[in-house]
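Q: could you work out the structure for the sequence below:
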Amino acid sequence: MQIAYQSSRGMVRAKNEDAVGSFLNSDQLLLALIADGIGGNNAGEVASKMAVSQLGNHFRKTDFSNLDEAKKWFAQELVEINELIIKKANEDIKYAEMGTTIVAALIAGQQLLLANLGDSRGYVLHENKLIQLTEDHSYVNELVKSGNMTPDEAETNPYKNIITKSLGINNDANADYYYYNSTVGDLILLCTDGLTNMVSSEQIQKILAMDVPLSVKCQNLITLSNQNGGADNITVLLVQNDGEVNSDA
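A: All right, here's what the predicted structure looks like:
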């Protein structure tokens, strides 16, 4: 595996409340994840860092070798992290109502398991075609699914950033999961809405298909997002399956 990730606060926000990381367990399974914090003051930053730090540190200590076991572990970890975020928010008013989205990729060889809560997304570039695997937990996406709004209308709806699921806020820490059998050369993209709100799917696909290192692709995505307004924090993570495990992040 080749891994790269980069993050930017964007052009508008005063600070970056995203968190990102990649981790290996003792059997060389890979966990890559991004969290996009929500809440005022420092709250979003605290929640996102809690999620990535705990998941990553706990994952390193695991020894499972298949994705079914990984899924059970991940689901239980989300419950525990959710309880910790809510507890911290209740103990200190400056952290009140903090939460975070999360999108994660668990990878065992050619097998991929994506998990998400909120509107941070997971994609696969397969044969230079960009495929969105995750589904947003958002108000406008619910309207699209019910037939009350078109996808094009959703792109410009003023309520598009209202999410219906997250870690923190309430007791629902049930993520959606997506299995995918990748082939050598497939490129996995995890990202926050700071990218997808600023850069079209066609532009993302074009950049990911370039014959340049993963770190350059990350930088190009962030640069374009900032050029288009950079209205939010932007975080991107790329994983390419080439039979090896390394990182140029």
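Q: residues contacting the host helix or strand of Glu80, please?
A: For Glu80, the host element (DSSP states H and E) is helix 67-91. Applying Cβ atoms under 8 Å, 6 or more residues apart in numbering, the external contacts of helix 67-91 come out as 29, 31, 39, 43, 46-47, 50-51, 54-55, 58-59, 62, 64, 95-100, 102, 104, 106, 108, 111, 113, 115, 117, 167-171, 173-175, 177, 179. Just so you know, the C-beta spots here come from the backbone N, C-alpha and C atoms, and that holds for glycine as well.
Q: quick one: mean pLDDT over the helix or strand just after it.
A: Heading C-terminal from helix 67-91, the first helix or strand you meet, by DSSP H and E, is strand 99-108. Mean pLDDT, strand 99-108: 97.
Q: quickly run through the sheet partners of strand 99-108, with directions.
A: strand 30-38 (antiparallel), strand 111-117 (antiparallel), strand 167-168 (antiparallel) (DSSP bridges).
Q: what's the angle between it and helix 67-91?
A: Comparing the axes of strand 99-108 and helix 67-91 via axes from the mean of the first three to the mean of the last three Cα atoms, to 10 degrees yields an angle of 160 degrees.
Q: any idea how far the residue positioned nearest the centre of the chain is from Val12?
A: With distances taken as Cα atoms, centre = their mean, Val103 lies nearest the centre of the chain, 3.1 Å away. When distance is defined by Cβ to Cβ, to the nearest Å, Val103 is 22 Å away from Val12.
Q: can you check Asp152 too?
A: For Asp152, the distance to Val12 - Cβ to Cβ - is 25 Å.
Q: please apply the same query to Asp186.
A: Asp186 sits 33 Å away from Val12 when distances are taken as Cβ to Cβ.
Q: likewise for Thr235?
A: Taking Cβ to Cβ, one finds Thr235 at 15 Å from Val12.
Q: between these two, which one's more packed in?
A: Using other Cβ atoms under 10 Å as the criterion, Thr235 and Val12 rank with Thr235 on top: 30 against 12.
Q: contact partners for that one?
A: Shown in contact with Thr235 (Cβ under 8 Å, 6+ apart): 5-8, 18-20, 34, 36, 191-192, 194-195.
Q: just checking, Ile3 touches Val236?
A: No - the pair Ile3 and Val236 does not pass the contact test of Cβ atoms under 8 Å, sitting 11.7 Å apart.
Q: where does pLDDT dip in this protein?
A: The chain contains residues with pLDDT under 70 at 40-41, 243-249.
Q: all set, thanks.
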